[in-house]
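**Student:** Quick check, what structure comes out for this input:
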Amino acid sequence: MARHAQPREVAELKGLVAHNPQRYTTEPVKSEFDLGQAPDYLEPAAKAAWFELATYAPKGVLTGGERLLIEVTANMIAEYREDPRAFAAAKLGHLIGSLARLGMSPADRQKLGTPKDAKKNEFEDF
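**Tutor:** Modelled structure (predicted):
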């Protein structure tokens, strides 16, 4: 199965745009809307999961364009937390995949790299 396309922001954080600029010649398509608050119709447990996702996601990754994916993921998290033993293994795989697409797994955060200012080489100025 083919890999999912990465958002330009993720590719920039990984340094892939500088490494292979011809792949990223088009302007990124990013939602102009902020993520905002959880929808009113969500159950309280799903709203709590929405808040967690919005709080702990990498900066600049989540926008209004990801609202539906976050809603589905928040509902799955709420269902998992209600009864983890009854949560089907296939659903767990989908939940982990959704979290990975949102940059919420350790491996996906590692792929984003560290900000340039976070690790400054003391000999860089020479």
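
**Student:** okay, the residue nearest the centre of the chain: pLDDT?
**Tutor:** In the chain, the C-alpha nearest the mean C-alpha coordinate belongs to L102, at 1.8 Å (C-alpha atoms, centre = their mean). For L102, the pLDDT comes out at 86.

**Student:** Now do the same contact list for it.
**Tutor:** Shown in contact with L102 (C-beta atoms under 8 Å, 6 or more residues apart in numbering): L53, A57, V61, L62, E66, L69, I70, T73. To be clear about C-beta, it is placed using only N, CA and C from the backbone, and glycine gets the same treatment.

**Student:** Now with 7 Å, please.
**Tutor:** For L102, the contact set (C-beta atoms under 7 Å, 6 or more residues apart in numbering) comprises L53, A57, V61, L62, E66, L69, T73.

**Student:** excluding its backbone neighbours, what's nearest the fourth one?
**Tutor:** I take that to be L62. Excluding the flanking residues, the one nearest L62 by C-beta to C-beta, 6 or more residues apart in numbering is L35, at 4.9 Å.

**Student:** what do you get for the third one?
**Tutor:** Across the structure, with C-beta to C-beta, 6+ apart as the measure, the residue nearest V61 apart from its sequence neighbours is G103 (5.1 Å).

**Student:** What of the first one?
**Tutor:** On the basis of C-beta to C-beta, 6+ apart, the spatially nearest residue to L53 that is not a chain neighbour turns out to be I70, at 5.5 Å.

**Student:** Repeat that for A48.
**Tutor:** Using C-beta to C-beta, 6+ apart, the closest residue to A48 is A78 (7.6 Å).

**Student:** Pretty sure that neighbour sits against K47.
**Tutor:** No: applying C-beta atoms under 7 Å as the test, A78 and K47 come out as separate, 8.6 Å apart.

**Student:** how many neighbours does the residue nearest to A48 have?
**Tutor:** If you count neighbours by other C-beta atoms under 10 Å, A78 ends up with 18.

**Student:** and the longest helix seen in the chain, which residues are buried?
**Tutor:** Assignment by DSSP state H gives helix 67-82 as the longest helix of the chain. For helix 67-82, burial by neighbour count (16 or more other C-beta atoms under 10 Å) applies to R67, I70, E71, T73, A74, N75, M76, I77, A78, E79, Y80.
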